[in-house]
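In: Return atomic coordinates for the entry below.
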Amino acid sequence: MTTALRALLGTLLLCAAASSLAGQVTVKGARIWSAPDHTRIVIDTAAPVQHKVFALDSPDRLVVDIADARLVGDLPAADGGDLVVSGLRSGVRGGDDLRVVLDLKQAVKVKSFLLEPNGTYGHRLVIDVSPRSGAPMRDAPMVAARSTPVQAAIRGEPPATTTRHSSVQPKGTRHRDVIVAVDAGHGGDDPGALGPSGTREKDVTLAISRKLADRINRQRGMRAVLIRDGDYFIPLRKRIEKARQYQADLFVSIHADAFKDRSVRGSSVYTLSNGGATSEAARWLAERENRADLIGGVNLAEQNDVLASVLLDMTQNATIEHSSIAAERVLSKLQSLGDVHQTRIQKAGFAVLKSPDIPSMLVETAFISNPEEEKRLRSGGYQGKLADYLVQGILDYFEEYPPPGTRFAREPGERRGDEMGAVPASGATTSFADVARLYDIKLSAVRLVEAPVLPGMDTYRHRGPGG
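Out: Numbers count the residues shown, from 1 in each chain. So this is what the prediction gives:
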């Protein structure tokens, strides 16, 4: 073979190799986010990819095969404290495919999906791994079971002749703390809004949430639980589920707003819109897994359709009403702190506000897109002030509407002027639990009712028998 022919063949081979590589999808690297109950691995790709995931044991491993792809970046090291992943490595499979192997600390369950580009990232392959059912998790809630008003009605406990959220406890009964679920918005692969100087909303919300939780825990009779206490992503409905697992009395989601006009400034407070409540009610009544859950202590799956709808409607109305009351108390304190963008409570269909039986609010602390407010949001001192004012609004709400069986119900605050038997403050409506307890009605008896939902049944007011 002549020298010229060898050179020609070499050139053709190089071209073929280059053509093959040109057809492969570039994998730019990966990121790993360790949460208390799961780990998320995000693989950045230049285009959508085809992939398959399978597990191996002895030792436990998770294999991710990405078709016709090549890695040009580095894989991250796993966090030493990660619950399930001990390391990541990669290799070439079949000459053209990329294999990523996750070395595991225990057997896992896995979910994978593709994400399209957004304003921050390009194409992504997301792998979520969590311990198999029954395996230990770091954040399993350790909240003692307690009786909700509706559960008390189910068991036929003596009714209390009291107002909306107060009760008389039997002598010797231990009074529990009220539980406030504090939700730091965004996290992990979701940075939220970005300020002009690059401040990420997810960092600001976590800092404020930690300070708020600290202030709450300093208060007698109050305890905070952080829905997110690190840089990891939690799906929106999972945030609601965690709050319900902790049996929270109030849910507060912390955010930082953004707008294209950088001069816009101020804080806002949101509660669930009526449209959002209607869609959520339809979802709960339609889905089997929802109806089997307890709403205010009631398993809707055990009720007929009409009664389940009535019970959910009553619970939701009471929840929305108390969300608004709590939000008003918080907004009034924020007005004392500085600028507010909206002087009235705003209504929206945010997913994190849709818990049917936990009063919930979303606080937009400031506009991170405003350079001056971004600077304040980054200040630990300002974050502390925000937390101070937020906790004062929360205190005002619980002192005025103490949940049954809590220290607030036993130890009235100076700002609470309600008396036993009085009309609920601010025109507050009463829930089904209040009606049942006031008239000594048991749900076991009500289950026999086959009445249609009538206009006006969405709210209930009372002034006692004969009122």
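In: Identify each buried residue in stretch 267-281, please.
Out: Of all the residues in stretch 267-281, those buried under the rule 16 or more other CB atoms under 10 Å are S267, S268, V269, Y270, T271, L272, S273, G276, A277, E280, A281. Using the backbone N, CA and C atoms, a C-beta is placed for each residue, glycine as well.
In: For the stretch 151-300 of the chain, give me the ranges with low pLDDT.
Out: 151-174, 285, 288-292, 296-298 (pLDDT under 70).
In: ok, back up a step: and the buried residues of stretch 267-281, which is closest to V53?
Out: V53 lies nearest to E280 out of the buried residues of stretch 267-281, by CB to CB, at 32.4 Å.
In: Tell me who's in contact with the closest one.
Out: Going by CB atoms under 8 Å, 6 or more residues apart in numbering, E280 touches L272, Q316, K354, P356.
In: Just send these back as TSV, with distance to R329 and secondary structure too.
Out: Below are those laid out as TSV (distance: CB to CB, whole Å; DSSP: H, G, I helix; E, B strand; the rest coil):
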residue	distance to R329	secondary structure
L272	17	strand
Q316	21	helix
K354	21	coil
P356	22	coil
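In: Return the item of those having minimum pLDDT.
Out: Among the contacts of E280, Q316 carries the weakest pLDDT, at 78.
In: Can you give me the neighbour number for it?
Out: Using other CB atoms under 10 Å, the number of residues around Q316 comes to 25.
In: can you check the one 4 residues further on too?
Out: Using other CB under 10 Å, I320 has 23 neighbouring residues.
In: Counting by contacts, list what the helix or strand harbouring it packs against.
Out: Assigned by DSSP states H and E, I320 belongs to helix 305-337. Applying 3 or more CB pairs under 8 Å, 6 or more residues apart in numbering; DSSP states H and E, one finds that helix 305-337 makes contact with strand 268-272, helix 274-286, strand 294-295, strand 360-367, helix 380-400, helix 432-438.
In: So for D79, which of these sits nearest?
Out: Of these, nearest to D79 by CB to CB is helix 380-400, at 25.0 Å.
In: And G230, how close does it get to G81?
Out: Counting by CB to CB, to the nearest Å, the gap from G230 to G81 is 10 Å.
In: What is the subsequent helix or strand relative to the helix holding I320?
Out: strand 346-348.
In: Can you give me the domain assignment for this structure?
Out: 24-131, 149-446 (automatic domain parsing).
In: if we can go back for a sec, what's the angle from the helix holding I320 to strand 268-272?
Out: Computed by axes from the mean of the first three to the mean of the last three CA atoms, to 10 degrees, the angle separating helix 305-337 from strand 268-272 equals 170 degrees.
In: now helix 305-337 against strand 360-367, angle please.
Out: 30 degrees.
In: Pull the contacting residues for K260.
Out: K260 neighbours (CB under 8 Å, 6+ apart): S369.
In: Could you rerun that using 7 Å?
Out: For K260, the contact set (CB atoms under 7 Å, 6 or more residues apart in numbering) is empty.
In: do the one 10 residues further on as well
Out: Contact criterion CB under 7 Å, 6+ apart gives Q346, K347, A348, F350, L353, M361, L362 as the residues in contact with Y270.
In: Sort out which residues of stretch 348-367 are buried, please.
Out: So stretch 348-367, judged by 16+ other CB under 10 Å, has buried residues 349-350, 352-367.
In: tell me, what residue is most central in this structure?
Out: R239 (2.2 Å; CA atoms, centre = their mean).
In: Tabulate the CA atom coordinates of the helix or strand hosting it in PDB.
Out: If you go by DSSP H and E, R239 is part of helix 236-245. Only the C-alpha atoms of helix 236-245 are listed here, as PDB (Å, rounded to 0.1, in the frame of the first residue of the first chain):
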ATOM      1  CA  LEU A 236     -45.300  21.600  45.200                       C
ATOM      2  CA  ARG A 237     -47.800  19.000  46.300                       C
ATOM      3  CA  LYS A 238     -45.200  17.200  48.300                       C
ATOM      4  CA  ARG A 239     -44.800  20.400  50.400                       C
ATOM      5  CA  ILE A 240     -48.500  20.200  51.200                       C
ATOM      6  CA  GLU A 241     -48.200  16.500  52.100                       C
ATOM      7  CA  LYS A 242     -45.300  17.200  54.400                       C
ATOM      8  CA  ALA A 243     -47.300  19.900  56.200                       C
ATOM      9  CA  ARG A 244     -50.200  17.600  56.700                       C
ATOM     10  CA  GLN A 245     -47.800  14.800  58.000                       C
END
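In: What are the contacting residues of that helix?
Out: P141, A181, D183, I227, F251, A351, V352, K354, S355, I358.
In: could I get those residues as CSV with distance to E116?
Out: Converted to CSV, the contacts of helix 236-245 look like this (distance: CB to CB, whole Å):
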residue, distance to E116
P141, 34
A181, 31
D183, 26
I227, 27
F251, 30
A351, 20
V352, 23
K354, 25
S355, 29
I358, 33
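In: quick one: which of these is nearest to D203?
Out: So of those, ranked by how close each gets to D203 (CB to CB), first place is D183, at 15.0 Å.
In: Quick check: bridge partners of the closest one?
Out: S253 (DSSP bridges).
In: so who does it touch?
Out: Here D183 is in contact with I227, R228, R239, F251, V252, S253, I254, V352 (CB under 7 Å, 6+ apart).
In: Of those, just say which sits nearest to S332.
Out: V252 (15.1 Å).
In: Run through the residues that contact the closest one.
Out: V180, V182, D183, M361, V363.
In: give me that answer again for 10 Å
Out: 180-183, 209, 212-213, 216, 224, 227, 243, 269, 326-327, 330, 352, 359-363, 390-391, 393-394 (CB atoms under 10 Å, 6 or more residues apart in numbering).
In: Sounds good, over and out.
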